[in-house]
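> Any chance you can model this:
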Amino acid sequence: MAATDAHAETSDRALSVACHRCLGRYRVRQSHRLTHRARSLCPACGARFAFVGPTRSEEHQPVAETFPDPPLLASAPSGTRVGMALVRRGSFHGTGGTLLGMQIVNICLTIITLGGYHFWAKAKIRRYLFGQTAFAGDRFAYHGTGKELYQGFLKAMLVFGIPYFSLGAAHTFLPLPPLVDLGLQGMAGLILLFYVPVAIVNARRYRCTRTSWRGIRFSFRGRTADFLKLYFRGWCFTILSLGTYYPYFQTQRQAFFHSHTYFGNQRFQFTGHGSGLMVPFAVTLFTTYAVLCLCGLALALHLTNAGLTLLLIPFVLGPVWMWLLGQKQKYFWDHTTFADARFSSTITWQKLFILYLGNLALLLVTLGWAWPWVTVRNARFFLGTLSLQGATDLDRVLQDTTESSVTGEGLSNLLDTGFDMD
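I've put the predicted structure just below:
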């Protein structure tokens, strides 16, 4: 009865409540109808709370307190709950010391085998990195083998390496007229231009099929022919537009990769559009052109401090391009969804700049031997900024095996492009 009397006393004056999470305050229009422990949702952040009415001895206004929600998913303990949404986060558990030991052993065995152990060393490093990567409490696994990478390399040499090097080096073995040699060099360039996108898409296909999480493998089902059309069209429009089409090309490429990637029988989706990156890209492109023109003008006029203007390139363009990189990665992840959940990235250009600056200092001071710690720093940073928000029943995901050839991975290895999963 005390609670009823208290509400009656507060019904004559303006009553407001505060959300326990975002601290937003809201006015209750009909406070006389408010009952003790009444449930509601915060319209701003979606937090669920209950109202606690004041007693006669309390002078403060009621505030929203946490009200426990029933678990929505069987896998709820592997994530944290923010309001009504379940948030799953990534983490990396590897150490630089362990990775350094593996690197030393791999280098020694590669030297002893005259480079033959390179493929097994690469698979071993990937297996360790994937095994130390966790998301929502469950770790990834890499199932690729050195034998597969070696076989992929041999296939790539047959379908790409031999024709490319034969055409490119024909003039060193045969006395060819200049026009013929120029034509052969052009054909070699066309082969390289054609197989770069082939390597990108097929390497992704292979690595997805060799990666699993919670015992279920990923797969990539995009067609190589479709990516070739997208790739060449994107670069043609980018060149013709003096670079202004590049954000649209990058967004279309990301949409192709994400929308054709599956986890088991469930598909990822991408909702981004190139216009979302147009402003940061335009600012970066304009700043780059302005700085380069200023440096060129200062050098052409032989100004006294012309050399100092070159410092604008690392100290101005460095942070600007780092800002664009952070904006791009955040935009791509924020527009990637899986079932009813959406990925979210908290990356900022300041943190990204500090990360890369620290990595560069470590590599310079240790003459490259700090590579394992750089790898660990990168993994922890990027996983720490990524989360999956939303209610998604992972128990409904079923295994859907899709076999893949390793030729694309061999092409990627042959080109040494370092194309990794996004």
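
> Okay, domains of the chain per the record?
2-66, 76-415 (automatic domain parsing).

> and these as TSV, adding mean pLDDT?
Shown next, in TSV, are the domains of the chain (pLDDT from 0 to 100):
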stretch	mean pLDDT
domain 2-66	52
domain 76-415	87
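
> Just name the most buried of those.
Mean neighbours per residue, mean count of other CB atoms under 10 Å, is largest over the domains of the chain for domain 76-415, with a mean of 16. For every residue, glycine as well, the C-beta is placed using N, CA and C.

> For the longest helix along the chain, what is the distance to the chain centroid?
Across the chain, the longest stretch assigned as helix under DSSP state H is helix 178-209. Chain-centre distance of helix 178-209: 26 Å, with CA atoms, centre = their mean, to the nearest Å.

> Secondary structure element holding residue 128?
Residue 128 is part of helix 118-131 when elements are defined by DSSP states H and E.

> How about residue 388?
Assigned by DSSP H and E, residue 388 falls in strand 386-389.

> what's that strand packed up against?
strand 85-92, strand 341-345 (3 or more CB pairs under 8 Å, 6 or more residues apart in numbering; DSSP states H and E).

> The shortest one pairs with which strands, parallel or anti?
Strand 341-345 has its sheet partners listed here by DSSP bridges as strand 336-338 (antiparallel), strand 386-389 (antiparallel).

> so which of those strands comes closest to residue 105?
strand 386-389 (31.0 Å; CB to CB).

> and the closest one, how far from the chain's centre?
12 Å.

> Secondary structure class of residue 326, three-state.
Secondary structure assignment for residue 326 (DSSP: H, G, I helix; E, B strand; the rest coil): helix.

> shouldn't it be in contact with residue 348?
Yes. Residue 326 is within contact range of residue 348, at 5.9 Å (criterion: CB atoms under 8 Å).

> Contacts only, for the nearest residue to residue 94 once chain neighbours are set aside.
What sits nearest to residue 94 in space, not counting adjacent residues and going by CB to CB, 6 or more residues apart in numbering, is residue 132, at 3.5 Å. Residues counted as contacts of residue 132 (CB atoms under 8 Å, 6 or more residues apart in numbering) are 92-94, 139, 379.

> which of the residues you listed sit farthest apart?
139 and 379 (12.6 Å).

> list residues touching both of these two?
132-133.

> Residue 222 reaches residue 260, doesn't it?
Yes. Applying CB under 8 Å, one finds residue 222 in contact with residue 260, separated by 3.5 Å.

> so what's in contact with the two at the same time?
With CB under 8 Å, 6+ apart, residue 222 and residue 260 have no common neighbours.

> the helices in the stretch 301-422 of the chain, which residues?
Per DSSP state H, counting those that start in this stretch, the stretch 301-422 of the chain carries helices over the ranges 312, 318-334, 349-365, 371-384, 407-415.

> how about these in TSV, adding distance to residue 128?
Putting the helices of the stretch 301-422 of the chain into TSV (distance: least, CB to CB, whole Å) gives the following:
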stretch	distance to residue 128
helix 312	41
helix 318-334	24
helix 349-365	19
helix 371-384	10
helix 407-415	18
